[in-house]
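Visitor: please find the sequence and the predicted model below.
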Amino acid sequence: KQRMDEWLQARHFEDEDTPYHELYDPIPWRIRNGTRNQVGLMTTFRLGSAMTNANRTADGEEPSCPCGLDDTPQHVILKCDLLSAERTKLERRIREIWSPAQWNSFEEATNHDKKMHLLGKRMSPRQTDEQRVNLDMAVKIFLEEADETRVHRYGLAPMCGSYFTRPAEATMEQAARWHG
């Protein structure tokens, strides 16, 4: 377990855009809140491992999104025009969860901080536990809808590999074998 924690925390130095130490939150509901696919997508985004075209360049594919911009996790969550309908639904869900002060704080944040807050970084004004669980689920639903749109409408590969869509116990067993 210690080696796995060290590996996860070291990811910050490999990819400064996803500092895991800011997202680390050992709350068990994160892996039980949602379907396997939703939890898998959130896990890959939280670890900075989402399989977007930017992470598939070794396959010979262009690293850009069909909209023409770099296909990164931040792009998927915040910017892609092709996912505007899904993002509008996410915004509506978030406005139902957060107070106006929390929404205003989010709106004033940088894109990097917005992505981090949506992926689980604690924010100010502080969220209640219920808000955190509801936001987590809203983002998981968005990621699943975005993935389905990317796959079925634009012919892109899924953003989440099969290891992350297994039952939670199987995923934890696999992680223990990798880092054991």
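Guide: Great, that's in hand. Residues are numbered from 1 along each chain as shown.
Visitor: longest helix anywhere in the protein?
Guide: helix 129-154 (DSSP state H).
Visitor: just the helices in this structure please.
Guide: 2-14, 20-23, 29-32, 36-46, 73-74, 84-97, 100-108, 111-118, 129-154, 168-179.
Visitor: so for stretch 49-60, mean pLDDT?
Guide: If you average the pLDDT over stretch 49-60, you get 64.
Visitor: an error on my part: the question was meant for stretch 101-115.
Guide: Taken as a whole, stretch 101-115 carries a mean pLDDT of 94.
Visitor: list the buried residues in that stretch.
Guide: Across stretch 101-115, burial judged by 16 or more other Cβ atoms under 10 Å covers 102, 105-106, 114-115. In this view, the C-beta of every residue, glycine as well, is placed from N, C-alpha and C.
Visitor: helices or strands next to the longest helix of the chain in the packing?
Guide: Contact analysis of helix 129-154 by 3 or more Cβ pairs under 8 Å, 6 or more residues apart in numbering; DSSP states H and E lists helix 29-32, helix 36-46, helix 84-97 as its packing neighbours.
Visitor: adding mean neighbour count and mean pLDDT, write those helices out as a markdown table.
Guide: Formatted as a markdown table, the helices and strands packed on helix 129-154 follow (neighbours: other Cβ atoms under 10 Å; pLDDT from 0 to 100):
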| stretch | mean neighbour count | mean pLDDT |
| --- | --- | --- |
| helix 29-32 | 14 | 66 |
| helix 36-46 | 23 | 86 |
| helix 84-97 | 15 | 97 |
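Visitor: out of the ones you listed, flag the one nearest Val76.
Guide: With Cβ to Cβ as the measure, helix 36-46 is the member of the helices and strands packed on helix 129-154 nearest Val76 (8.1 Å).
Visitor: which strands and helices sit next to that closest one?
Guide: Secondary structure elements in contact with helix 36-46, counted by 3+ Cβ pairs under 8 Å, 6+ apart, are helix 29-32, helix 129-154, helix 168-179.
Visitor: average pLDDT across the last one?
Guide: Looking at helix 168-179 alone, the average pLDDT works out to 58.
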